[in-house]
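>>> Any chance you could fold what I've pasted below:
(chains A, B, C and D, ligands or ions: 4)
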Amino acid sequence: MGSKIQKGVVSYFKHNLGIIIALIVMCLFLIVFPTTRSTFATSKNIFNILRQNSSNLFLATGMTMVIILGGIELSVGSVIALSGCVAAFCAVNLGLPEIVGFLAAVLVGGIVGLFNAFFISNTDIPPFIVTLASMNIAKGIVLVFTQGVPIRCMTDAFKYPGTGYVGVIPVPVILMLIVFVLASIIMNRTKLGRHIYAVGGNTQAAKFSGINVKKVKFIVYVYTGLMAGLAGVVVASRLYSGQPTAGDGAEMDAIAAVVVGGTSMSGGSGTLGGTLIGVLIIGVLNNGLNLLGVDSNWQFVVKGLVILLAVYIDWIRGIKAGK
Amino acid sequence: MGSKIQKGVVSYFKHNLGIIIALIVMCLFLIVFPTTRSTFATSKNIFNILRQNSSNLFLATGMTMVIILGGIELSVGSVIALSGCVAAFCAVNLGLPEIVGFLAAVLVGGIVGLFNAFFISNTDIPPFIVTLASMNIAKGIVLVFTQGVPIRCMTDAFKYPGTGYVGVIPVPVILMLIVFVLASIIMNRTKLGRHIYAVGGNTQAAKFSGINVKKVKFIVYVYTGLMAGLAGVVVASRLYSGQPTAGDGAEMDAIAAVVVGGTSMSGGSGTLGGTLIGVLIIGVLNNGLNLLGVDSNWQFVVKGLVILLAVYIDWIRGIKAGK
Amino acid sequence: AVPATAPAPAADSAPAETEEAAPAEEAGDTAEAPAAEGGKVFGYTCMDGTNPFFVALEGSIREVVESHGDTLVSVDPLNDSNTQIDQVEDLISRGIDYMFVNPVDADGIIPALDMLKEAGIPMFGFDTQVGDMSYLVSYAGSDNFNAGYVCGEDLAKKIPEGGDILILDSPTMQSVVDRIEGFEKAIEDSGVKFNVVGRQDAVGNLQVAQEKCTDLLTAHPDVVAIMGGNDPTALGCLAAAEAAGVSPLIYGVDGSPDVKALLKDSALEGTGAQSPMTIGKTIAETAYAWIDGQDVEAFIPIETFLITADNVDEYGTDGWQ
Amino acid sequence: MVNIVSDTGYLLEMKGVNKIFPGVKALSDVNFELKAGEVHALLGENGAGKSTLIKVLGGIYQAESGEIFINGQRVNIDGVGAARDAGISIVHQELVLVPYMTVAENIFLGREPGTRFNVNRTKMSEDAQRLLDAYDMNIDADSLVERLTIAQRQMVEIVKAISFEAKILVLDEPTSSISDKEVNFLFDTMRNLIKQGVGIIYISHKMSELAEICDRVTVMRDGLTVGTKVVKETTTDELISLMVGRELTNYYTRDFSEGGEVVMKCDHISDGKMVKDVSFELKKGEIVGFAGLVGAGRSETMKAVFGLTPGSKGDIYVKGRRVEIKSPVDALRYGIALVPESRKDEGLYGVQSVRFNSTIEVLEEFIKNLRVDIAKEEEITQRYIDKMATKTPSQEQKISNLSGGNQQKVMIGRWLATNPEILILDEPTRGVDVGAKAEIYSIMNELARNGMSIIMISSELPEIINMSDRVYVMYEGNVTGCLDHKDVTQESIMQRAALNEQTRQ
Ligand SMILES: Nc1ncnc2c1ncn2[C@@H]1O[C@H](COP(=O)(O)OP(=O)(O)OP(=O)(O)O)[C@@H](O)[C@H]1O
Ligand SMILES: Nc1ncnc2c1ncn2[C@@H]1O[C@H](COP(=O)(O)OP(=O)(O)OP(=O)(O)O)[C@@H](O)[C@H]1O
Ligand SMILES: [Mg+2]
Ligand SMILES: [Mg+2]
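Ligands and ions are numbered 1, 2, ... in the order given. Coordinates of the predicted model:
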């Protein structure tokens, strides 16, 4: 048993070495650099980074599956706004308990997921189009129903998922852990996980193998919708309000994390472990640039360069390893 | 010769019938609907639509090639801002003739294209990462060098590429025609065009056939960069200024037009003719919704539905045709 | 761009060079020791750092801060509430002493204010109010409602016979919503009959405004006036109107140099001017006064007023007022 | 460049070629000579290094060391272009065509007629059609490759390679997926070419073809050349023992049987396209062969039965009960498994490991209750690696890095692991070496004896004849005959497989 875990850990590091190195180099730099020495490695800052990137991780777990399937999901950003506003609306305007609002919000995410799943698994319409459509529709719906005005909810219960603590650990960090473990189990310990890789690797072959391709796609897109709903809850809770413009562009952050994490856009391969590193690289980068006080305009340049560099290291390592 | 053209036209319609029908239905609706009857079908409005979507077409021709290659190009939006500001900067701050500024702007687009081309053709770093990086870098550079402040240039020469006329035809429409014909020649008549399809369809087969895969990729990304530069010129000229935030999200519009136009994100197939229809569908949709006076929030919903529907018709037709 | 410390602030803090070469400062960053000599560190966040209005505003705050030998650290959330909170959190980690706040969203900023409060960091608001003003030591901002109101007044005066008009607003931007409300109230108060025949969201962006307005002018070529939620919107409308060959009276709000420069010879009729320089200078100086132990006003309204071709010379066109 | 000349009269010489892949020494000090005007066979077990040698010659792999001489002139082949310039043309084992392009475009890929800025498509299409027609393949030069069957694609590759008019033509298992008619066309062409002084390197696992077409044969084993023989002066047995290092007795193992009750009955199957009206039945413990020419519709019939063709019609009875098979999921539920004919398109998960590929259909055996029993998975994988003698450096090896024949072995192993009641094998021994073929036959025999019912589609007549209890022959989407084991001969099959061809002639 011990050696099995050890084997898993070794293979994890081997697989993701390039980006792990990139992440470590970044962290080391921030740990030794005078300006950030005293601030970066504090537990508070580390929890900050995790909390800030929790919603991206929720999305990125779903996006990893979607991209391994060879698809894409553009609607997650809009879903964050929609589900967040639903949560706040239920609590404020309908006077329901917050928890009901949260469940409704996650459910709404699931419904958008269902919409995507329905078209993607039953027709040949490209996922790009389906989710582009649902992105617009969700965005329109939230704007129509809020009239663009945020719905504020300041109750403690509402604030809990985004800003609460269990012991010393922030709730979103715990949620992040749960989601990551859940997604890892799906991907690594269930038949579904294998089937996702199979469908993404060769859809035709998957059909011959008797894999229910439609079902696999269906589940993945619904899962991703639910995760986007959850992300919406956490974001709304952090903002004490349902914001009709929240989550704008969140889909690109999630895709970036997944791709930086080594998942191939052409499907069939990739790991959640890599995605986690991808999320962290982007998170640490944002945090580090702010801690260093880099001018926001320059931040774009630095971000671009670091992302390129991180993946470049991975590539060089791949060549060396004779991949 | 005549019959060859005829054959080409027939095959064009056959190939893109689904979306052509969608486009025609939309146009018919706008032509007969009371609110828009008197405005939509005027030559002025049609030129407006073409003019407004000219820059999207420039990008979309490049994006079509990129996507047929199996790649993606995210930096075109940032390049619009960068090249537009360069054009204005040359004219205003350096006092150079406007035409020099325009050339410099297109060149700057080409340089970003070179950057992308270099990494994409020489390494295995995914195009998504390379162009995400260059998107950020270009955005950072334009913000740093303008400090976020637009550069106004109100001279007639500066306004010409975006708002001028040749006879009754707006200059951007003429540019659009030139670019489309140029791109069509590349794709349909040159060896390069064949090779783009080959590389996207089966890179290995292309290599085994002695095609210089690197070179093909290189040219396509540089071309796309140049087109983004040109788009930047037209946008800046239409706005009478280099805007550091212009072109935000333009990459998604271009990708959407390409995919609506039937090009597959997995590469190897697609047509510029389809892309043209894609650009027009999106253009007419935006124009029509504004003419109809549809509330901006509802516009998102309608847009989402129409895009889905357009591609759905295409899909249904494909099934009927036994594809 | 912010050096960790400003070792020789007195030397280079005087000029109004708000756009100090950021790269040089980067270099400074890597070369210098951590905040040593006890200079105060101010954090700064605004809704969109790429908006020229805020570029000017940040510059004026920076000028004041650096003239005291202190440091200003700015972040830019690019209109994303969630990012804004993340960045404020990072600033707190970094160790700021005071904070200048302009929210992406009035309510969405409150969690960040809570964190700042918890960290014992005094906050100063500017330009846009926050959902609960009690967090702020002081606030300086222009009266957006009035900025729109003066435009409406001017329009009613110039076209007493009324007519069709267009509005390009932005329902998700509170300041723009206030301005449009002011504008519509002024029209109502004037009793002149204006019909709003087209209304679209231009998200405060020149390019979007230009596209939307082009279509609106196709549908309604006879409008007598266009109200834009901010100056970029008005400029977009101007480009659209010129392309369409019509010249309705176009109003904006901001008082940006670009619009001022065009008031005399274009369809641009007026801009409800705010003064980012005054706002920035006022709030920064208020902050220092408060730090020195003086009593300060909790709410400092900054005058908004109409600039038209008639009075534009008073304000000049090279910069903000 | 130094012009080292070695005047030995050989058209091609490869000397001391070494090629190493991570974990595999694919070629060690290989020497190989080809004369002008000869067909020189390369023989060897799966994974012996044949294709690797060819890829070194074709400029696709760069050898660690070694020299290549053409007509005594040393050449430096550092890429596909260089190989082509040196007059080398290759049909690779794995088909490399661009699916969304037309046949004509594929044939002229990289050397399109016309100028750089004006490709002459009309000429391209006409020239391609002329080349194709020479093979009586009934392939339209303007149709998309995507639409072609494997056999047709294989022929396109052959036509393409020949059209280069190269001095050295390499054919890497060109006959693994075409039927006798096409093979005969190919051999005629080859005979023509050698008369013109072309040297041909020919790789095949079909021993019978050696005597028919080859002059000399070089045997490879584990990356080494173990000898070159003149075909006329050697025997199949000698070659096999050179290849596998031991004698191979009883190639076909088959205990013919009458079969038990009918387990599957298909009536009036049609798919609205190629398959017109096909009825057949399958008994318990029986091996039923499906013979026919390329494009006869055998694969399409089985795909229709397996639920892969929407809109197909007909009645399927499994154990007497009528069943609706709408998708492979249904088929598998009724105990039907299908090993597809195109391993690359329909079988392999190319980016995944041998292990992933081996176990994808039997996940429930080791993934239970959110636990993965990796040891069990490794054991299953190893069982079929051993059983099929698959050559792979490890279970973790990416399957696309295996040699073609070894990929096929993994495929077969995958479906054997599922242990279905009804197993449909579409060209199961494609590209598999003789030793492994014998192993596959003996496994099939054993499975049938244990009550499994097997359908085998094959274009290799000896295989059909020697393994089938009964043979259905198809022609243009219809069954034209059902032959009992006793009546099965080459002639009786061909008669029914090529009805019109015979009457026409
Ligand atoms: N790209 C590669 N990466 C790693 N190993 C490879 C690669 N290509 C081939 N090999 C290995 O090299 C050895 C020789 O393979 P090769 O394809 O030359 O065999 P072959 O003789 O053609 O076999 P077959 O009859 O099955 O086609 C095999 O062990 C194979 O696993
Ligand atoms: N996807 C497809 N679209 C159109 N036609 C097809 C398609 N697949 C196969 N065909 C056609 O169906 C015919 C039958 O193909 P099939 O693969 O069933 O033949 P077969 O008898 O199995 O022969 P073999 O497998 O030996 O080539 C071929 O003529 C082919 O052109
Ligand atoms: Mg081989
Ligand atoms: Mg077949």
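
>>> CA atoms for contacts and neighbours, from now on please.
Fine.

>>> which stretches of the stretch 1-150 of chain C have low pLDDT?
Scanning the stretch 1-150 of chain C for pLDDT under 70 picks out the ranges C:1-38.

>>> cool, and the stretch 251-400 of chain D?
In the stretch 251-400 of chain D (pLDDT under 70), no residue qualifies.

>>> Ligand 2 contacts on that one?
D:M274, D:V294, D:G295, D:A296, D:G297, D:R298, D:S299, D:E300 (CA under 6 Å from any ligand atom).

>>> Most neighbours among these, which one is it?
Tallying neighbours with other CA atoms under 10 Å in any protein chain shown puts D:R298 at the head of these, with 29 neighbours.

>>> what about the helices in chain C?
C:9-12, C:22-31, C:52-67, C:81-94, C:110-118, C:144-158, C:174-190, C:206-219, C:231-244, C:257-262, C:276-291, C:312-315 (DSSP state H).

>>> repeat for the stretch 151-300 of chain A
A:156-163, A:171-189, A:191-201, A:203-208, A:213-238, A:250-260, A:272-292, A:296-320 (DSSP state H, counting those that start in this stretch).

>>> Export those helices as JSON lines, with columns for distance to B:L107, mean neighbour count and mean pLDDT.
Output for the helices of the stretch 151-300 of chain A, formatted as JSON lines (distance: least, CA to CA, whole Å; neighbours: other CA atoms under 10 Å in any protein chain shown; pLDDT from 0 to 100):
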{"stretch": "helix A:156-163", "distance to B:L107": "47", "mean neighbour count": "21", "mean pLDDT": "93"}
{"stretch": "helix A:171-189", "distance to B:L107": "45", "mean neighbour count": "19", "mean pLDDT": "95"}
{"stretch": "helix A:191-201", "distance to B:L107": "39", "mean neighbour count": "24", "mean pLDDT": "95"}
{"stretch": "helix A:203-208", "distance to B:L107": "42", "mean neighbour count": "23", "mean pLDDT": "93"}
{"stretch": "helix A:213-238", "distance to B:L107": "41", "mean neighbour count": "28", "mean pLDDT": "96"}
{"stretch": "helix A:250-260", "distance to B:L107": "28", "mean neighbour count": "26", "mean pLDDT": "93"}
{"stretch": "helix A:272-292", "distance to B:L107": "31", "mean neighbour count": "24", "mean pLDDT": "92"}
{"stretch": "helix A:296-320", "distance to B:L107": "20", "mean neighbour count": "20", "mean pLDDT": "85"}
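
>>> Looking at the ones you listed, spot the one closest to ligand 2.
Ligand 2 lies closest to helix A:203-208 among the helices of the stretch 151-300 of chain A, at 11.9 Å (CA to the nearest ligand atom).

>>> sorry, back to before: quick one: which of the helices of the stretch 151-300 of chain A is nearest A:I46?
Nearest to A:I46, of all the helices of the stretch 151-300 of chain A, is helix A:272-292, at 8.9 Å by CA to CA.

>>> From the contact counts, what lies against the closest one?
Using 3 or more CA pairs under 8 Å, 6 or more residues apart in numbering or on different chains; DSSP states H and E as the contact criterion, the elements in contact with helix A:272-292 are helix A:2-32, helix A:34-40, helix A:43-68, helix A:171-189, helix A:250-260, helix A:296-320, helix C:81-94.

>>> Make a markdown table out of these and add distance to ligand 2.
Listed next are the helices and strands packed on helix A:272-292 as a markdown table, based on distance: least, CA to the nearest ligand atom, whole Å:
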| stretch | distance to ligand 2 |
| --- | --- |
| helix A:2-32 | 38 |
| helix A:34-40 | 58 |
| helix A:43-68 | 25 |
| helix A:171-189 | 32 |
| helix A:250-260 | 33 |
| helix A:296-320 | 37 |
| helix C:81-94 | 50 |
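
>>> Export these as JSON lines, with columns for distance to chain D.
Shown next, in JSON lines, are those (distance: least, CA to the nearest CA, whole Å):
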{"stretch": "helix A:2-32", "distance to chain D": "9"}
{"stretch": "helix A:34-40", "distance to chain D": "38"}
{"stretch": "helix A:43-68", "distance to chain D": "11"}
{"stretch": "helix A:171-189", "distance to chain D": "5"}
{"stretch": "helix A:250-260", "distance to chain D": "16"}
{"stretch": "helix A:296-320", "distance to chain D": "11"}
{"stretch": "helix C:81-94", "distance to chain D": "36"}
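
>>> what would those look like in TSV with distance to B:I174?
As requested, the helices and strands packed on helix A:272-292 are arranged in TSV below (distance: least, CA to CA, whole Å):
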stretch	distance to B:I174
helix A:2-32	47
helix A:34-40	55
helix A:43-68	40
helix A:171-189	52
helix A:250-260	34
helix A:296-320	35
helix C:81-94	42
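
>>> Appreciated, that's everything.
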